[in-house]
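Q: fold the stuff below for me.
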Amino acid sequence: MTPTRARTLTLAATALGSALAFIDTTVVVVALPSIDRDLELGLSGQQWVYLGYALSLSALYLVSGALGDRVGLRRVFVAGTVLFAAASALCGLAPSEGVLVAARALQGVGGALLTTNSLALLRVTFGRDAGRAIGLWTSLTSLATVVGPPAGGAVVEWASWRWIFGINLPLAAVVVVLALAGRCEEREQPARGSLDLPGALLAALGLSMLTYAVVQGSEHGWRSVWWAAAVGAVSLAALVAWTARARTPLVPPALFREPNLTVANLVTLLVYAALGAFLVFMPLYLQFLRFSAFESGLALAPVSVVLALLAPRFGRLGDRIGPRRVLAGGAGLIATGLALMLGVGSRSSAWSVGVAGLAVFALGLAVFVAPITATAIGSAPPGLAGVASGLNQTVARVGGLLAVAFVGLVVTLVYRASASGGAPLDPSADGANLRDASVAAFRAGLGLAAALALAGSLLAALRIRDR
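A: Residues are numbered from 1 along each chain as shown. Down below sits the predicted model:
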C-alpha cells in the first residue's frame, strides 16, 4: 500500500470516528423527549443523559492523549472506537434511566479516547502537511454535525430513539477497519514511564467538576453548585502542584517551553471563549427578535457549511506560509463579524447587518480552526502529540464553558440594570422597555465576545512564530 493511500484511509477513519462522537452530543438532545416518554426520566434524568456524556468527555481529554503517547496513538484510537460502539449498544438496549446514564458516561470515555488521538494521529501521519489534513478532518466532521440532528430526528420519528445509538455500531466497525488498514510509516511511540495516575485523577476530577458547575450553574443558579466549582478549582490547583514534582507528569512542564504551543493554546482559549459565547447567546437573542426557535437554530447552519467548504484550503495555506498571519487574520475576521452583529436590533436588521456579520464570522472561523489545531499539536515533539492534542481540546472546551458563565453574567447584569421592575431575562417578554433591555444586554455580550476574539488575533500576530 502506498503512503498516500494509507494516509487517506487514516484521515477517513479519524474523521468518521470523531464525527460519531460529535454527533452524539447533539442527536441525543433531539431524542430526549422520546426517551423521557419511554423511560420516564423527568427533567433531572434528561439533564443527566446529556451531562453523563459531556462530563466524561471533558474530563478525559488530557488523560486520553497521555495514554495515546504511551500505548500508541492508533491503538488507543481503535480501542476508543470499540468502547464507544459497545457503550452505544448498551445505550440502545438500556432498560432504565440508571443504565442509560451510565452507558452515556462510558460513551464519553470512548469519545475522549478517539477524538483526542484522532488529531494526534493526523499530526504524526501527515507531518508538515498536518494543517491540510486537519482542515479536511474539520470539513468532514462539520458536514456530519449539519446532517446529524435532522437525520437523528428522522430516526426518532420513523423508527425509535434506540436506533440513534444502534446505527453507531456498523459505522464504528467501518472506522476500525479503515484505521487498521491505514497503518503507515508513523512510529508507535515508546512508553515514557508509567501513566501519571494521581495527575490523571486530579485532572479528571477538576475538569468534570468545572464542567458540571458551569453547565448546572447557568441553568439552576450558582449557589447550588458552589461546591462543584470549589472542588474543581482545588483539584486543578493540586494538579499544578503535583506536576511540578512528579517524575513522569501527565502534562510534562517541558511542553510549555515550546513557545508556539503555549501561545497557540492561549489564542485557543480566547477565541473559543468568543465562539462559545456566540453559539449559546446568539440563538437566544434571535428569539428576542421574534424569530422562532427553529429559525434561530437554522441561522447557524451556514457557519458549518462554510467551515466544511473552506477549512481544508486554509489549513493548506497555514502549512505553506506559516500560521501567524492566517491565525491573526482568522481571529480578526471572527472579531469583525461579531462586531458587525452589534448592529442587529430588530428582525429587519438581522436580515441585513446580521447576515453580513454572520458571513464574515463564518469565513473567519474557516480560516482559523485548522491552523490553530495544527499549530498547537504540531509544535509538540511527536512523542507528545497525544497530550498536546488533549491539552488543546481541553483548553478549547474550558474556554467555551467559561465564556458561557462570564458572558452570561454580563448579559444578565446589563439586562437587570436596564429593565424596569427587575424582570427576568425571558425571550417571550413583551414591552418596549424589556425589548430595549434585551437588545442592550445581548449587545454587551456580543461586544465582550468580539473583544476576546480581537485579543486572540493580536496575540497571534505578535507572538506566534511561522517556523
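Q: which parts of the stretch 51-200 of the chain are helices?
A: 61-71, 73-93, 97-126, 130-158, 163-166, 168-181, 197-220 (DSSP state H, counting those that start in this stretch).
Q: CSV for these, including mean pLDDT?
A: CSV is the format used below for these (pLDDT from 0 to 100):
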stretch, mean pLDDT
helix 61-71, 88
helix 73-93, 95
helix 97-126, 92
helix 130-158, 80
helix 163-166, 90
helix 168-181, 93
helix 197-220, 82
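Q: now the ones you listed as a markdown table including distance to Gly345 and mean neighbour count?
A: Every residue, glycine included, has its C-beta placed from N, CA and C. Listed next are the helices of the stretch 51-200 of the chain as a markdown table, based on distance: least, CB to CB, whole Å; neighbours: other CB atoms under 10 Å:
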| stretch | distance to Gly345 | mean neighbour count |
| --- | --- | --- |
| helix 61-71 | 39 | 27 |
| helix 73-93 | 44 | 22 |
| helix 97-126 | 39 | 25 |
| helix 130-158 | 29 | 20 |
| helix 163-166 | 39 | 22 |
| helix 168-181 | 43 | 18 |
| helix 197-220 | 25 | 20 |
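Q: any chance of those in a markdown table, plus distance to Arg320?
A: Shown next, in a markdown table, are those (distance: least, CB to CB, whole Å):
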| stretch | distance to Arg320 |
| --- | --- |
| helix 61-71 | 27 |
| helix 73-93 | 25 |
| helix 97-126 | 14 |
| helix 130-158 | 9 |
| helix 163-166 | 41 |
| helix 168-181 | 28 |
| helix 197-220 | 35 |
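Q: so which of those is nearest Ala241?
A: Comparison of the helices of the stretch 51-200 of the chain against Ala241 by CB to CB identifies helix 197-220 as nearest, at 9.3 Å.
Q: quick check: next helix or strand after that closest one?
A: helix 226-245 (DSSP states H and E).
Q: buried stuff in that following helix?
A: 228-229, 231-232, 235-236, 238-239, 242-243 (16 or more other CB atoms under 10 Å).
Q: same question, stretch 448-466
A: Buried-residue list, stretch 448-466, by 16+ other CB under 10 Å: 448-450, 452-461, 464.
Q: which of these lies closest to Gly131?
A: Ile464 (13.2 Å).
Q: what about Ile377, how many residues close to it?
A: 29 (other CB atoms under 10 Å).
Q: got the buried residues of stretch 448-466 as JSON lines, with distance to Leu384 and secondary structure columns?
A: Putting these into JSON lines (distance: CB to CB, whole Å; DSSP: H, G, I helix; E, B strand; the rest coil) gives the following:
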{"residue": "Leu448", "distance to Leu384": "34", "secondary structure": "helix"}
{"residue": "Ala449", "distance to Leu384": "32", "secondary structure": "helix"}
{"residue": "Ala450", "distance to Leu384": "34", "secondary structure": "helix"}
{"residue": "Leu452", "distance to Leu384": "28", "secondary structure": "helix"}
{"residue": "Ala453", "distance to Leu384": "28", "secondary structure": "helix"}
{"residue": "Leu454", "distance to Leu384": "31", "secondary structure": "helix"}
{"residue": "Ala455", "distance to Leu384": "27", "secondary structure": "helix"}
{"residue": "Gly456", "distance to Leu384": "24", "secondary structure": "helix"}
{"residue": "Ser457", "distance to Leu384": "27", "secondary structure": "helix"}
{"residue": "Leu458", "distance to Leu384": "28", "secondary structure": "helix"}
{"residue": "Leu459", "distance to Leu384": "23", "secondary structure": "helix"}
{"residue": "Ala460", "distance to Leu384": "22", "secondary structure": "helix"}
{"residue": "Ala461", "distance to Leu384": "26", "secondary structure": "helix"}
{"residue": "Ile464", "distance to Leu384": "19", "secondary structure": "coil"}
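Q: ok, Ala388 touching Ala66?
A: No: in this structure Ala388 lies outside contact range of Ala66 using CB atoms under 8 Å: 10.2 Å.
Q: can you tell me which residues contact the residue nearest to Gly110 when sequence neighbours are not counted?
A: Spatially, and ignoring its direct neighbours in sequence, Gly110 is nearest to Phe84 (3.2 Å; CB to CB, 6 or more residues apart in numbering). Each residue near Phe84 by CB atoms under 8 Å, 6 or more residues apart in numbering is listed here: 17, 20-21, 107, 110-111, 113-114, 168, 172.
Q: on that earlier part again, dump the buried residues of stretch 448-466 to CSV, plus pLDDT and distance to Ala120.
A: Shown next, in CSV, are the buried residues of stretch 448-466 (pLDDT from 0 to 100; distance: CB to CB, whole Å):
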residue, pLDDT, distance to Ala120
Leu448, 92, 33
Ala449, 93, 29
Ala450, 95, 32
Leu452, 95, 27
Ala453, 96, 26
Leu454, 97, 30
Ala455, 96, 28
Gly456, 96, 23
Ser457, 96, 27
Leu458, 97, 29
Leu459, 96, 24
Ala460, 95, 22
Ala461, 94, 27
Ile464, 91, 20
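Q: most widely separated two among the residues you listed?
A: With distances taken as CB to CB, the most widely separated pair in these is Leu448 and Ile464, at 23.4 Å.
Q: rewinding a little: now, which of the buried residues of stretch 448-466 sits nearest Asp129?
A: Nearest to Asp129 among these, with distances taken as CB to CB, is Ile464, at 19.1 Å.
Q: that closest one and Pro323 touch, don't they?
A: Yes: proximity of Ile464 to Pro323 meets the contact threshold set by CB under 8 Å, at 5.7 Å.
Q: shared neighbours, the two?
A: Among the neighbours of Ile464, those also in contact with Pro323 (CB under 8 Å, 6+ apart) are 260, 264, 375.
Q: helix or strand for the last one, which one?
A: Secondary structure assignment for Thr375, by DSSP H and E: helix 355-378.
Q: by contact count, what packs against the helix or strand just after that helix?
A: Using DSSP H and E, the helix or strand that follows helix 355-378 in sequence is helix 385-418. Here helix 385-418 touches helix 42-59, helix 61-71, helix 73-93, helix 97-126, helix 197-220, helix 259-288, helix 355-378, helix 432-463, going by 3 or more CB pairs under 8 Å, 6 or more residues apart in numbering; DSSP states H and E.
Q: tilt between the last one and helix 355-378?
A: The reference is to helix 432-463. For helix 432-463 against helix 355-378, the angle by axes from the mean of the first three to the mean of the last three CA atoms, to 10 degrees is 40 degrees.
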